[in-house]
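1. Would you be able to build a 3D model of this:
(one chain, ligands or ions: 1)
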Amino acid sequence: MSTLSLFDDFPPDIEQLRQEINYHSYRYYALDDPQITDADYDRLMQRLRELEAQYPASITPDSPTQRVGAAPLSAFQTVVHEMPMLSLDNAFSDEDLLAFNQRVQDRLKSAEDIEYACEVKLDGIAVSLLYQNGLLVRGATRGDGTNGEDITQNVRTIKSIPLRLHGEGFPSVLEVRGEIYMPKAGFNALNENARITGEKLFVNPRNAAAGSLRQLDPRITANRPLEMCAYSVGWVDGGELPSTHSNVLAALKSWGFLTNRETQVAKNIHEAIAFYRRIGEKRDALAYDIDGIVFKVNSRKLQDSLGFISRAPRWAIAYKFPAQEESTLLLDVEFQ
Ligand SMILES: NC(=O)c1cnc(OC2CCCC2)nc1N
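-> Numbering: from 1, shown residues only. Predicted coordinates:
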């Protein structure tokens, strides 16, 4: 059956309604600027569910009604990352950061100021999302950097993860990397509910996010308040990326991803340190846990010439904040 005839048989508003809902999701999650109320959004979703129940053949994998799969998995499959997911070198003082900047300049044989992209370091679970021709085909944990776990069913339930990329100009193969985390408010509500129902409490939002992603039943994951923030690109094919990391983040936002609003470009390492101070002062007021700031050489050409030391890039460093109040760590198997 040709696509044309497929849609000929259904009222055209099913596809149009789907696109309208996806547009409102884009405005809500990527632009943080919704045009309709949550109640109106829910009414549109209810309408789509009714129409798809009437015309089941019209359902597409990227329909917003298809986020929660049915059958729980018996186990997670292993995914081999086409490009290793790297870890980050740490800095614990201004001196460490200045030394990092000096190493970058020495390596580049340049005394020029280095421009840095400055990002909050979200305290969640690193994840890889693979898109082919704009459709989400795979979600995986970082694992050991080379082998991760296939959690596609679970990432599909997270509303800030687009099932289909928005807009255009994206490469035919695009691997987006980011952090899945649980905002503080969602964590507190989840634990409040667990207290009432006598279920296990989570120690902190990171553990709660890891526990929620580790569920073999996606219906449980679907009920957890998880968000995903994109912060880099891995494997790319069939297209070019912008020349700076900050413009890659802008492109990811235009394609429908949540990117962190605190992100800024520092002209040099001294502005980077000022950014670290400023975010450090507002850390407790942020809606999510962070454990530092990630500084990345903004020029992707310079990133390529700097390369990596074994598993950590020479072009990026995490400047950590002092650990917050130590919580009694319950034994809990976690995703890396
Ligand atoms: N937890 C974060 O928020 C975070 C982690 N990692 C990175 O970038 C790494 C990825 C590959 C080299 C630099 N950025 C982040 N914002």
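2. use CA for all of it now, contacts and neighbours both
-> Noted.
3. Those residues of the stretch 1-150 of the chain touching the ligand, which are they?
-> Leu86, Glu119, Val120, Lys121, Leu122, Asp123 (Cα under 6 Å from any ligand atom).
4. Quickly run through the sheet partners of the helix or strand harbouring the second one, with directions.
-> Glu119 is part of strand 116-122 when elements are defined by DSSP states H and E. As defined by DSSP bridges, the strand partners of strand 116-122 come to strand 264-266 (antiparallel), strand 290-297 (antiparallel).
5. can you list contacts of that strand?
-> Residues from elsewhere that reach strand 116-122, judged by Cα atoms under 8 Å, 6 or more residues apart in numbering: 179, 181, 245-246, 260, 262-269, 272, 275, 279, 288-298, 318.
6. tell me the mean pLDDT over the longest helix that the chain contains?
-> Criterion DSSP state H: the longest helix present in the chain is helix 38-54. Average pLDDT, helix 38-54: 95.
7. Return the set of buried residues in that helix.
-> For helix 38-54, the neighbour count (16 or more other Cα atoms under 10 Å) marks Tyr41, Leu44, Met45, Leu48, Arg49, Leu51, Glu52 as buried.
8. check contacts around the closest residue to the second one other than its chain neighbours.
-> In this case it means Leu44. Computed as Cα to Cα, 6 or more residues apart in numbering, the closest residue to Leu44 that is not its neighbour in sequence is Ile21, at 6.9 Å. By Cα under 8 Å, 6+ apart, the contact list for Ile21 reads Tyr41, Leu44, Met45, Pro64.
9. Export only the CA atoms of the strand or helix carrying Val137, formatted as PDB.
-> Element membership of Val137 [criterion: DSSP H and E] is strand 135-141. The C-alpha coordinates for strand 135-141 follow below in PDB (Å, rounded to 0.1, in the frame of the first residue of the first chain):
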ATOM      1  CA  LEU A 135      13.700   8.800  14.100                       C
ATOM      2  CA  LEU A 136      14.800   7.500  17.500                       C
ATOM      3  CA  VAL A 137      16.100   4.000  17.000                       C
ATOM      4  CA  ARG A 138      18.100   3.200  20.100                       C
ATOM      5  CA  GLY A 139      18.800   4.400  23.600                       C
ATOM      6  CA  ALA A 140      21.700   3.100  25.700                       C
ATOM      7  CA  THR A 141      23.500   3.700  28.900                       C
END
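10. what about it, distance to the chain center?
-> Mean-position distance between strand 135-141 and its chain equals 11 Å (Cα atoms, centre = their mean, to the nearest Å).
11. Which elements pack onto the helix or strand just after that strand?
-> Using DSSP H and E, the helix or strand that follows strand 135-141 in sequence is strand 147-149. Judged by 3 or more Cα pairs under 8 Å, 6 or more residues apart in numbering; DSSP states H and E, strand 147-149 is in contact with strand 78-80, strand 135-141.
12. residues making contact with strand 147-149?
-> Phe76, Gln77, Thr78, Val79, Val80, His81, Ala140, Thr141, Arg142, Gly143.
13. thinking again about what came up before, kindly reformat the residues of the stretch 1-150 of the chain next to the ligand as JSON lines and extend each row with pLDDT.
-> Formatted as JSON lines, those follow (pLDDT from 0 to 100):
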{"residue": "Leu86", "pLDDT": "89"}
{"residue": "Glu119", "pLDDT": "98"}
{"residue": "Val120", "pLDDT": "98"}
{"residue": "Lys121", "pLDDT": "98"}
{"residue": "Leu122", "pLDDT": "98"}
{"residue": "Asp123", "pLDDT": "98"}
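14. ok, of these, which one's closest to Leu135?
-> Nearest to Leu135 out of those is Leu86 (Cα to Cα; 24.6 Å).
15. Reduced to three states, what does the closest one come out as?
-> Classification of Leu86 using DSSP: H, G, I helix; E, B strand; the rest coil returns coil.
16. Just the strands from the stretch 201-336 of the chain, written as ranges.
-> 227-237, 264-266, 290-297, 308-309, 312-313, 316-320 (DSSP state E, counting those that start in this stretch).
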